[in-house]
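# quick one: sequence and predicted model below, then my questions.
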Amino acid sequence: MTGKTPDSNAAIKADFSRKTGKINRNLHSSNYMPAISVQSVTDFNEEYKALGFTMARTHDQALFNAGQRVCDTFHIFPLEHLDANDPRNYFFKPTDCLLENLYSCGTKAFFRMGTSIEHSLSNRHFNTEPPKDFRHWAEVMEHVIMHYNEGWNNGMNLGIEYWEIWNEPDLGCRCWNGTQEQFCGFFATVLKHLKSRFPGIKVGGPAMCGLNHEWFDAVLSRCEREGIAPDFLSWHCYTSNVDAITQTAGEMRKIADNHGMHNAELCLNEWHYLKTWEGIHENVTEESYIKALCGDDGLFGIDSAAFNAACIAAWHDTELDSAMYYGAGCHNSDGTFGLHTLSKGLNKNYYSMKFIGDFMRACEHRVSASSAQSTVKVLAGTDKNGNNPAMLISDYTGSGTEIHVEVSGLGHGAGEWSVRRLDSKSDDETIAPETHGSTLVLRKRGPGSAVFLCTGRP
């Protein structure tokens, strides 16, 4: 059908003649990277490349590369009392290999300094103890940065931009087995030293468990007294509520601004769909574990996949600068929060990340697109020349069976589209587009979650 009569029932309105900004590719980043410890058994490189992540955070890599001394400071510099200036006191080779492999996949590193989480008993923690000498620890990290950015000690020239001080100190002994006051002094000491030595990189943190106002206020107040400011502030959020996770950016902006840190970037560098910790970190049984992971509303299900795409779209209307999905390793390494099923196939999260990655690769300019339906989120864009329109659309737990998109700005009705669908029954299915005048109709298989990637045909 032809004609341009507006669809009064359209859930989405997209105008490709109205540029509204840039697509933020830093929002499509991850924790994890292909593991090197199992690469001769399972090489995840090609599947990982297809996702097109911008950055990968090095946190917890030591947990998912069994037997390899990677990333964590105590693995690279194992004896804390030794001379930080002596190249013989460092062990870089496994981390070099891990990062070389990551960069071969087209993804950059976001380096978390410190230690991975310790899920040991509360009275048995080893690597989360506060460093004995904060200045000495900062000097160690200075040499780690020299190794990866300046080639020191047979090193590399990766130009790693982001360096994060620690992870989740507010979680307690599993990440920081010291006091809040100790951490504030540690953070300020390391930040001041590294920023004076490397003014061209971005140093920040501290990767709080959430928007912990007490801890953020304490850390940032100490920084104010020391006359320094982190380049970015990082925190984490695990939830199944798109609006709640989206609102954290505005709340974090207020915390930063209250301390005069108006230029600090906002980095949500652990996030994942989560309805409950039951079966994952609490009351874990075979039954509770299967329930938490499987089914449409499990961590591996279509609700999780639609949540991912909805967040990426919604975050483009916030002050969030970067976000890192907690997951993306191979099935031998990251299990619960990864991209594989229990039988080692690819789960729905993988395909949602692939849809997002394909959209990010295709688009540079964002164009005007809005949704009148609460469960539906949309992100629309074009390439750098204003051509090749694309739309990433998520219906997260929606009860309807079709989505109407009123398209304008293409000069010929709704345009010509190629449409891919992800739902509970299919992973990446090409479906026939249906247009009525200026309206593109996207049909779901039934009620529930679904993700669509629509790309304009030349």
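Thanks, I have it.
# spell out, range by range, the helices that occur in the chain.
Here the chain has its helices, by DSSP state H, at 45-49, 73-76, 93-104, 134-150, 180-197, 213-226, 242-258, 286-293, 302-315, 348-362.
# residue 205 is nearest to which of these?
Residue 205 sits nearest to helix 180-197 of all these, at 6.7 Å, using Cβ to Cβ. (Glycine included, C-beta is placed from N, CA and C.)
# show me what counts as buried in that closest one.
183-195 (16 or more other Cβ atoms under 10 Å).
# show the model's pLDDT score for residue 436.
Looking at residue 436, its pLDDT reads 92.
# any idea how far residue 390 is from it?
Between residue 436 and residue 390 the computed distance is 21 Å (Cβ to Cβ, to the nearest Å).
# who has more neighbours out of these two?
residue 390 (24 against 15; other Cβ atoms under 10 Å).
# quick one, phi/psi of residue 264?
phi -70, psi 130 (degrees, to the nearest 10).
# give me the neighbour count for it.
22.
# which residues touch it?
Residues in contact with residue 264 (Cβ atoms under 8 Å, 6 or more residues apart in numbering) are 204, 229-233, 256.
# how about a cut-off of 10 Å?
Residues near residue 264 by Cβ atoms under 10 Å, 6 or more residues apart in numbering: 202, 204, 220, 229-233, 252-253, 255-257, 321.
# quick one: contacts for residue 62?
68-72, 74-75, 94-95, 98, 115-117, 127.
# whoops, residue 221 was the one
Contacts of residue 221 (Cβ under 10 Å, 6+ apart): 184, 188, 258-259.
# in JSON lines: the helices of the chain, plus mean pLDDT.
Shown next, in JSON lines, are the helices of the chain (pLDDT from 0 to 100):
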{"stretch": "helix 45-49", "mean pLDDT": "95"}
{"stretch": "helix 73-76", "mean pLDDT": "96"}
{"stretch": "helix 93-104", "mean pLDDT": "98"}
{"stretch": "helix 134-150", "mean pLDDT": "98"}
{"stretch": "helix 180-197", "mean pLDDT": "98"}
{"stretch": "helix 213-226", "mean pLDDT": "98"}
{"stretch": "helix 242-258", "mean pLDDT": "98"}
{"stretch": "helix 286-293", "mean pLDDT": "93"}
{"stretch": "helix 302-315", "mean pLDDT": "98"}
{"stretch": "helix 348-362", "mean pLDDT": "98"}
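# wait, which of those is closest to residue 21?
helix 302-315 (12.5 Å).
# just the CA atoms of that closest one, as PDB, please.
What follows is helix 302-315, C-alpha atoms only, in PDB (Å, rounded to 0.1, in the frame of the first residue of the first chain):
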ATOM      1  CA  ILE A 302      14.000 -13.700  26.200                       C
ATOM      2  CA  ASP A 303      13.000 -11.300  29.000                       C
ATOM      3  CA  SER A 304      16.700 -10.800  29.800                       C
ATOM      4  CA  ALA A 305      17.500 -10.300  26.100                       C
ATOM      5  CA  ALA A 306      14.700  -7.700  25.700                       C
ATOM      6  CA  PHE A 307      15.800  -5.900  28.900                       C
ATOM      7  CA  ASN A 308      19.300  -5.600  27.400                       C
ATOM      8  CA  ALA A 309      18.100  -3.800  24.200                       C
ATOM      9  CA  ALA A 310      15.600  -1.700  26.200                       C
ATOM     10  CA  CYS A 311      18.400  -0.400  28.400                       C
ATOM     11  CA  ILE A 312      20.700   0.500  25.500                       C
ATOM     12  CA  ALA A 313      17.900   2.500  24.000                       C
ATOM     13  CA  ALA A 314      16.800   4.200  27.200                       C
ATOM     14  CA  TRP A 315      20.300   5.100  28.200                       C
END
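# distance check, the closest residue to residue 153 other than its chain neighbours against residue 95.
Of all residues not flanking residue 153 in the chain, residue 87 sits nearest, at 4.2 Å (Cβ to Cβ, 6 or more residues apart in numbering). According to Cβ to Cβ, residue 87 and residue 95 sit 15 Å apart.
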